[in-house]
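I would like the atomic coordinates for the input below:
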Amino acid sequence: MATERGVRFPPRPELYEDMRPAWEAFRALSQSRSLGMSAPNPITAADIEAYLRLHGITDEETLVEVYDAVRALDVVWCAEVAKKVGRGNAKDRHRRQGR
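Numbers count the residues shown, from 1 in each chain. Next up, the predicted model:
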């Protein structure tokens, strides 16, 4: 395990090459997400679709894989943020917002 300032971190997981487009989309979209009252909002479907279009991703299979992976990553990310700020279940928030 790596250490930094006395904190132990687990080894970084391996990123499979076929997941790179989804990871890059998630990272880019995370940086531009809107903010709610107490925490960042989930990434919108429109933002994911715009990202895919702007990056020239047109293959139907890749579109679906990247879209689904970004949504899944975002649900997990939002849940972790919700734990830190103590504001409930991020999965429910995704459902309420129709995402």
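
tell me the SS of the most centrally placed residue in the chain?
By Cα atoms, centre = their mean, the chain has its centre lying nearest to residue 74, at 3.1 Å. Classification of residue 74 using DSSP: H, G, I helix; E, B strand; the rest coil returns helix.

Give me the phi and psi for the closest residue to it other than its chain neighbours.
With Cβ to Cβ, 6 or more residues apart in numbering as the criterion, residue 74 has its nearest non-adjacent residue at 4.8 Å, and that residue is residue 43. C-beta coordinates here come from the backbone N, C-alpha and C atoms, glycine included. Phi and psi for residue 43, reported as degrees, to the nearest 10, are phi -70, psi 130.

So what's the residue count around residue 43?
Under the neighbour criterion other Cβ atoms under 10 Å, residue 43 is assigned a count of 26.

mind starting the numbering at 40 from now?
Renumbered: residue one is now 40, and that last one reads residue 82.

Let me see the contact set for it.
Applying Cβ atoms under 8 Å, 6 or more residues apart in numbering to residue 82 gives the contacts 65, 68-69, 72, 109-110, 113.
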